[in-house]
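Chemist: pasted the sequence and its predicted model underneath.
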Amino acid sequence: MMSNNVLLEKWVDGNPFIVALEKLKLTELELMSKLAERDDLQDGFCGAPAFIRRIGLSKKFFVPPEYSFELYERIYHLMVVGYLNRHPKSDDYDKYLHDINAGKQSIKNVPKPPSFLDAGTAMLMLGRSGHGKTKEVDKILSFLELKNHFHPPSEETGWRRVPQVLWIKVFIKSTSSKRPFLLSILNAIDEKLGSNLASRLPSATVGDEIIYVIKMCRMVGLGMIVVDDVQFVLNASKTKDAKKLTNEFLEDLYNDLGIPMFFIGTPEVTDLFAEKNQPEQTERRLISDGLFRVKDYASDSVTWKELVKATMLNFLGLKRDWLTDELESILFYYCDGNVSKLKRLTEFLLVQKEKLTKANLPESIYRAHCETHIRSESIKPKLKIRSSDVQHQQNEKPVEDIVTKKAAEPLPLDPKSQARHERVKALLEQDMEVE
């Protein structure tokens, strides 16, 4: 019986596109280690000035979700399958790029690339806004990046210097039309190769512009197109405007390109598939390689608990015994297991003037929840706290900003007061109460 490895080697047949991709493959442990950004775990971080912690929260804090490796594997698989159709040894369409750059051939006269026997593949990633989909995908893609986008001449490349761009990422805006979208694809390729393909896009009919983009994508060995905010296009409303982006346009582009497409969107995308008389082929094409649904974290999720622990203890500097099951329930209630909501709430608490105590913490969290939402329907009713808990919390000391206190209150000169001050400071740093 043929082993899986032998079978894969037979399919790959030394394809330099896939060989280059295989060299970048990460194990689950390697991926999770590279994804994580935890500057908040450094010694002394919670004692840093508030503006430093705010920067860390915004730019240097990422806890990879449990599904990270599964998503990585799905994206990797998508590109491998796409490249199986294109072996430079037999598919020499890239040769026209050399001729164009050398001035020997005009783009208009280059024939359309040959069609594949099977259609391209596509995958749709769905999740609520603020869950971290874009950041997660961006970080994964950064580990699937080539240092050199050209393969030297060899038997496997048909003795040509063959270009390869593993992926490009483009965004869709609610007002997008076809030409700007097509230009964004070419600009993304230019950024990788240092070329000027976008400047050559003809000012012609939409059909000619699409053909030009398809030619260029196939010439440069493009492995995958990532389309973010696809919910702005995937709607069931029909339009007679030939220049406007529509789901039909994406379907046609997907079919003609023969290159994998990875769509990222919010649950509004499902409105398209819920419409009556919607062609079944739309769903089949756009999720031909599967639907990856990202759900908000459950209250007992390992990742969610780590996010809460980090934001409350490392960024806000709360005492460990304040992080009770009840406080975790309060945070989950107001944040709905949404990463963006938790980070916005944390940042609000970081900049507020009032010192946090165990007694005022629930009220402060509710105020932060209200102040970090614009739509009134997004604000939840206030949770009631048991009176026995309030009575117990009233004796708690407030969280001190050690850096601010040190700058605002000069040390007393009296030796006894000096000693007392040092002892209090040491206790505070150890998260102990002062008697």
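Modeler: That came through fine. Keep in mind that what you see is a predicted model, and the values were worked out from it rather than measured.
Chemist: got a list of what Phe61 touches?
Modeler: Contact analysis of Phe61 by Cβ atoms under 8 Å, 6 or more residues apart in numbering lists Glu37, Arg38, Asp39, Asp40, Ala310, Phe315, Lys343. No exception for glycine: its C-beta is placed from N, CA and C like everyone else's.
Chemist: let's see if you can find the most crowded of the residues you listed.
Modeler: Within these, neighbour counts (other Cβ atoms under 10 Å) peak at Phe315, which reaches 23 neighbours.
Chemist: and it, how close does it get to Leu245?
Modeler: Counting by Cβ to Cβ, to the nearest Å, the separation of Phe315 from Leu245 is 40 Å.
Chemist: one more: Pro114?
Modeler: In terms of Cβ to Cβ, Pro114 sits 27 Å off from Leu245.
Chemist: more crowded one of these two?
Modeler: It is Leu245, of Pro114 and Leu245, that has more neighbours when counted by other Cβ under 10 Å, with 25 against 9.
Chemist: is that one in contact with Ser177, as I believe?
Modeler: Yes: with contact defined as Cβ atoms under 8 Å, Leu245 and Ser177 form a contacting pair (6.2 Å).
Chemist: in a helix, Gln184, correct?
Modeler: One correction, residue 184 is Ser, not Gln. Yes: checked against DSSP: H, G, I helix; E, B strand; the rest coil, Ser184 lies within a helix.
Chemist: quick one: it from Leu193, how far?
Modeler: For Ser184, the distance to Leu193 equals 15 Å [Cβ to Cβ].
Chemist: now do Leu345
Modeler: 43 Å.
Chemist: more neighbours, the two?
Modeler: Leu345 (24 against 15).
Chemist: hey, where'd the helices end up in the stretch 51-200 of the chain?
Modeler: Ranges of helices within the stretch 51-200 of the chain are 68-84, 95-101, 133-142, 178-193, based on DSSP state H, counting those that start in this stretch.
Chemist: can you flag the weakest of those by average pLDDT?
Modeler: The minimum mean pLDDT among the helices of the stretch 51-200 of the chain belongs to helix 95-101 (a mean of 85).
Chemist: where does the stretch 151-300 of the chain have low pLDDT?
Modeler: Segments of the stretch 151-300 of the chain classed as low confidence (criterion: pLDDT under 70) are 174-176, 234-242, 271-286.
Chemist: do the same with the stretch 1-150 of the chain
Modeler: Judged by pLDDT under 70, the stretch 1-150 of the chain has its weakly predicted residues at 1-4, 117-120.
Chemist: the strands in it, which residues?
Modeler: With DSSP state E, counting those that start in this stretch, the ranges of strands along the stretch 1-150 of the chain come out as 37-38, 61-62, 122-127, 150-151.
Chemist: could you redo those strands as CSV and give each row distance to Leu141?
Modeler: As requested, the strands of the stretch 1-150 of the chain are exported to CSV (distance: least, Cβ to Cβ, whole Å):
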stretch, distance to Leu141
strand 37-38, 16
strand 61-62, 14
strand 122-127, 12
strand 150-151, 20
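Chemist: pick the most deeply packed of those.
Modeler: For the strands of the stretch 1-150 of the chain, average neighbour numbers computed from mean count of other Cβ atoms under 10 Å are highest in strand 122-127, which has a mean of 23.
Chemist: quick one, that one and helix 68-84 angle?
Modeler: 160 degrees (axes from the mean of the first three to the mean of the last three Cα atoms, to 10 degrees).
Chemist: list the strands paired with strand 122-127, with their directions.
Modeler: Partner strands for strand 122-127, per DSSP bridges, with pairing direction: strand 261-265 (parallel), strand 291-294 (parallel).
Chemist: just the CA coordinates for the first one, please, in PDB.
Modeler: What that stands for is strand 261-265. Below are the C-alpha coordinates for strand 261-265, written out as PDB (Å, rounded to 0.1, in the frame of the first residue of the first chain):
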ATOM      1  CA  MET A 261      -9.600  32.700  -2.300                       C
ATOM      2  CA  PHE A 262     -10.000  33.100   1.400                       C
ATOM      3  CA  PHE A 263     -12.900  35.300   2.500                       C
ATOM      4  CA  ILE A 264     -13.200  37.000   5.900                       C
ATOM      5  CA  GLY A 265     -16.500  38.400   7.000                       C
END
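Chemist: please consider this matter closed, and thank you.
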